[in-house]
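Trainee: can you look at this prediction? I've put the sequence above it.
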Amino acid sequence: MGTVETLAAAGIGAGDEVVVPSYATADAAEAVRRAGAVPVFADIDPDSLCLDPAAVAAALTLRTAALMPVHLFGRRADLAGLRAVADRCGLIVVEHEPHEPVGPLDEKTRRRQANAAYLNARLRGVVTPATGPGVEHSYRTYVVRIPGNGRPDRDAFARALRARGVRCRIPVQTPVHRLPAYRRELWLAETERAADQCLALPVDAALTPRELHRVVAVCNALGGLVPEPA
């Protein structure tokens with residue numbers, strides 16, 4: 001059953017609000033609209049880049065009917081924390097795209113995790129993905145933060161990487177609440193910070209040791225900050 005059908009089966013529609021992340025694609029917000037409800041945007045946790053339960057709790061109104069977490073980049077949202085918020089308020093939690101169940105990892109996922117571990121241990125001058133006991137991460141996308149003056153430094157860093165032959169991309173160009181179709185006058189501090197700082201580096205299973213070494217060498221040579229040309 002798809003997200004729209006799940007919402008409809010729960011009786012969620014016109015007049016209802018569903019809390020979704022803005023730091024994501026617009027797919028979750030669009031599913032809410034297709035069900036006839038209104039998407040309400042809440043801020044993210046700076047480590048997981050997924051919905052922050054405390055921010056969700058602050059965004060609830062009398063019209064809130066559901067919470068819709070989105071698992072990003074291979075990192076799982078805090079479902080336990082979100083369900084605790086939902087249970088207190090009689091809401092339901094609908095995962096936009098359920099996280100793959102824990103089980104035997106395929107070879108590509110193992111390679112990505114190994115590549116990510118290599119990068120985590122060697123990269124300097126960038127903030128690597130938060131990890132720790134109990135944190136599941138399949139590294140579908142390897143997202144770092146570029147410290148400094150937000151978007152200008154991140155964009156300059158990305159241009160410098162590409163000029164030196166290292167692939168990279170901006171994982172979320174514009175938060176959903178800034179898109180014309182969903183525009184809201186909100187200030188979501190962690191969402192804005194992530195949109196300005198985050199950069200996706202290559203971590204795919206096909207990378208060779210030489211390519212991984214080059215990613216590290218180029219990033220570390222840049223030192224995390226690249227000045228704009230005068």
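Mentor: Noted; the coordinates are in hand.
Trainee: I'd guessed residue 107 sits against residue 114; true?
Mentor: No - using Cβ atoms under 8 Å, residue 107 is not in contact with residue 114, being 10.4 Å away. Bear in mind the C-beta positions are built from the backbone N, C-alpha and C, glycine included.
Trainee: who has more neighbours, these two?
Mentor: Neighbours were counted for residue 107 and for residue 114 using other Cβ atoms under 10 Å; residue 114 has more, 14 against 8.
Trainee: so which strand or helix has that one?
Mentor: Here residue 114, judged by DSSP states H and E, is contained in helix 107-122.
Trainee: from the contact counts, what lies against that helix?
Mentor: Where contact means 3 or more Cβ pairs under 8 Å, 6 or more residues apart in numbering; DSSP states H and E, helix 107-122 is packed against strand 142-145, helix 209-222.
Trainee: dump those to CSV, plus distance to residue 171.
Mentor: As requested, the helices and strands packed on helix 107-122 are arranged in CSV below (distance: least, Cβ to Cβ, whole Å):
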stretch, distance to residue 171
strand 142-145, 5
helix 209-222, 16
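Trainee: most neighbours per residue, which of these?
Mentor: Of all the helices and strands packed on helix 107-122, strand 142-145 carries the top mean neighbour count, a mean of 23, counting by mean count of other Cβ atoms under 10 Å.
Trainee: for that strand, give the mean pLDDT please.
Mentor: Taken as a whole, strand 142-145 has a mean pLDDT of 98.
Trainee: which elements pack onto it?
Mentor: So strand 142-145, by 3+ Cβ pairs under 8 Å, 6+ apart, packs with helix 107-122, strand 198-201.
Trainee: pretty sure residue 193 sits against residue 45.
Mentor: No - Residue 193 is beyond contact range of residue 45, at 11.7 Å (criterion: Cβ under 8 Å).
Trainee: now stretch 92-102: mean pLDDT?
Mentor: For stretch 92-102, the per-residue pLDDT averages 74.
Trainee: likewise for stretch 63-81?
Mentor: Mean predicted confidence for stretch 63-81 is 95.
Trainee: what's the end-to-end length of that stretch?
Mentor: Terminal residues of stretch 63-81 lie 21 Å apart, using Cα to Cα, to the nearest Å.
Trainee: what about stretch 198-218, how long is it end to end?
Mentor: First residue to last in stretch 198-218 (Cα to Cα) measures 17 Å.
Trainee: rewinding a little: compare residue 193 and residue 45 and say which is more crowded by neighbours.
Mentor: More crowded of residue 193 and residue 45, by other Cβ under 10 Å: residue 45, with 20 against 16.
Trainee: surely that one and residue 78 touch.
Mentor: Yes - Residue 45 lies in contact with residue 78 (Cβ under 8 Å); the separation is 6.7 Å.
Trainee: hey, what's in contact with both of those two?
Mentor: 51, 52 (Cβ atoms under 8 Å, 6 or more residues apart in numbering).
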